[in-house]
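Q: from the sequence below, what's the structure:
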Amino acid sequence: MGYEQVAKIVARVGSPKIVMIVPDNIRRTGIVCWGLNPDDETFEEKVFERLSKPYMRILETVFQCGVKCILAPSLTHGNLNRHERYVREHLRLATYWIFRGGDWLSFYDRMGVRVKVYGDLGYFGRIAESFGYGEAVEWCRQVEEDTVNNDKCLLLWGVACSGSHETERLVKMGIEFNRCQGREPSREELIKLYYGEDLDYIDIFIRPGEIRDSDCQPPLIGGKSEMYFPVVPLTELKDDFFRWILYDYFFCRLKTYSMKQYRETSGDRDQIKVVRRHYLKNRDTILGIGERVGDFWIPLINAR
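A: You can find the predicted model right below:
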């Protein structure tokens, strides 16, 4: 089934509308998949130079399948507090490219993508300025202005966007709203205040390489996602990866055709026998078990 047909199904069902993709495993991608030496002074530079096109391909695939909004936490608080060379090169190459790079600006125009930046821009700006990139916050404003008239899709890049930190900041924003307005804000008002957009809950959360959310769940719209954890880094996913996810999302998960409504538990005896056999066979199987290979953790597909 082609992208156009998949997009028609997504439009007809009305879901998924919002997908979150965590662009992680950057060092692992460079070391394992591209054979780069992490002790090389130019390691981060070489990695970030090669990440751009694979990331663009992944985002394009999801948009082509009919998804209208993607959240991508580019720089969490944890990323911004890593070693100097990593942060400097991320700002100089990856961050600059996704906001001001010609290939990315052309991608936004070609796909009709409007860009918004969410997270603590004040904290991000202070870190960026300490590395000599005081104009980084202006990059964020410029890409929003450059894409304001694109109306097919919405891409929210996150900077300084770790969920635990941002939840604390959001509480302060709610207190300030109460002080100014004389009443408590609604959830919808807080979402608009924080993201600058009217957003519903995230439908699908994708985090490659590891089985955790890495403090990337965004405030107010996380917590109700169907979660998927590809084994390989994001750059190594095949082009049809999202169609596999959509098939499971539509036809295999508990929600009735992904319409936020749970089906009643079936009393069909044949179905019950199949599920019972599966449970008995897998009493010692745990999703999320992995193994350590030197400095790397990898998930075991059939762990027991």
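Q: could you tell me the end-to-end distance of stretch 233-247?
A: Taking CA to CA, to the nearest Å, stretch 233-247 runs 21 Å from one end to the other.
Q: any idea of the pLDDT on residue 6?
A: Listed pLDDT for residue 6 reads 94.
Q: what's the answer for the one 10 residues further on, then?
A: Per-residue pLDDT puts residue 16 at 93.
Q: wait, a strand at it?
A: No - the assignment for residue 16, made by DSSP: H, G, I helix; E, B strand; the rest coil, is coil rather than a strand.
Q: tell me which residue lies farthest from the centre of the protein.
A: residue 269 (39.8 Å; CA atoms, centre = their mean).
Q: quick one: pLDDT of it?
A: Looking at residue 269, its pLDDT reads 88.
Q: and residue 303, by the same measure?
A: 55.
Q: also residue 71?
A: For residue 71, the predicted pLDDT is 97.
Q: please apply the same query to residue 163.
A: With respect to pLDDT, residue 163 has a value of 89.
Q: quick one: neighbours of it, just the number.
A: A count of neighbours around residue 163, defined by other CB atoms under 10 Å, yields 21. The C-beta positions use only the backbone N, C-alpha and C, and glycine is treated the same way.
Q: just checking, it touches residue 221?
A: No - judged on CB atoms under 8 Å, residue 163 makes no contact with residue 221 at a distance of 10.5 Å.
Q: list phi and psi for the residue farthest from the centre of the chain.
A: When quoted as degrees, to the nearest 10, the phi and psi of residue 269 stand at phi -70, psi -40.
Q: and what of residue 49?
A: When read as degrees, to the nearest 10, the backbone of residue 49 gives phi -70, psi -30.
Q: excluding its backbone neighbours, what's nearest it?
A: residue 93 (6.3 Å; CB to CB, 6 or more residues apart in numbering).
Q: who touches stretch 117-127?
A: Contact with stretch 117-127 is made by 71, 73, 75, 77, 80, 87, 99, 134, 136-137, 140, 143-144, 156-161, 165-166, 169, 194-196, 218, as judged by CB atoms under 8 Å, 6 or more residues apart in numbering.
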